[in-house]
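Visitor: Let me see the structure of the following:
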Amino acid sequence: MAIDLAKRFEGFHRVPRADPGRAHPYVCPAGYWTIGYGHLCDPNHPPITEVEADRYLADDLRIALTATLRYCPVLATEPESRLAAIVDFTFNLGAGRLQTSTLRRRVNQRDWPSAATELRRWVFGGGKVLPGLVTRREAEATCLLRAA
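Guide: Here you go, the predicted structure:
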């Protein structure tokens, strides 16, 4: 489920007409060089195929899952939709943001409505509200509340 969320919001970007089926590095709205489905990379990273992008995504989500369960152990016994929502958040913003957040406290308290409210606050990039992040956080909040 986290893979579906990540793919929905990251997309397989920068596939030029001259090189179909291959993604090239690009700068995401937050200013980081990424490739494929939001995998952090060097600006000189060679182009990748969608299969390689899927492999990067699976590896990145495993890392996000490990961090999510480290900081929010209650999610190990919650429905998959709740875990997927917070794994997607961690994948998108990093484990450090989850570790120090009020969102983490609300999740560990199993206060799902408040956790959904906290998710919806993480919509800024470069000092402004990004519509894509508003949509992503709403989808995560919906997943978090769906199991309620």
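Visitor: ok, longest helix in this protein?
Guide: helix 50-71 (DSSP state H).
Visitor: Quick one: list the elements packing against that helix.
Guide: On a contact count with 3 or more C-beta pairs under 8 Å, 6 or more residues apart in numbering; DSSP states H and E, helix 50-71 meets helix 2-10, strand 39-40, helix 80-93, helix 95-99. Placement of C-beta: from N, CA and C, glycine included.
Visitor: Would you indicate which residues of that helix are buried?
Guide: Using 16 or more other C-beta atoms under 10 Å as the test for burial, helix 50-71 gives 52-54, 56-57, 60-61, 64-65, 67-69, 71.
Visitor: Save those residues as a markdown table, and put in distance to Arg146 and pLDDT too.
Guide: Compiled in a markdown table, the buried residues of helix 50-71 are given as follows (distance: C-beta to C-beta, whole Å; pLDDT from 0 to 100):
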| residue | distance to Arg146 | pLDDT |
| --- | --- | --- |
| Glu52 | 32 | 96 |
| Ala53 | 27 | 95 |
| Asp54 | 25 | 95 |
| Tyr56 | 28 | 97 |
| Leu57 | 23 | 97 |
| Asp60 | 24 | 98 |
| Leu61 | 19 | 98 |
| Ala64 | 20 | 98 |
| Leu65 | 19 | 98 |
| Ala67 | 22 | 98 |
| Thr68 | 17 | 98 |
| Leu69 | 20 | 98 |
| Tyr71 | 21 | 98 |
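Visitor: Serialize those residues to a markdown table and add fields for distance to Thr102.
Guide: Output for those, formatted as a markdown table (distance: C-beta to C-beta, whole Å):
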| residue | distance to Thr102 |
| --- | --- |
| Glu52 | 36 |
| Ala53 | 33 |
| Asp54 | 33 |
| Tyr56 | 30 |
| Leu57 | 28 |
| Asp60 | 24 |
| Leu61 | 24 |
| Ala64 | 19 |
| Leu65 | 21 |
| Ala67 | 17 |
| Thr68 | 16 |
| Leu69 | 19 |
| Tyr71 | 12 |
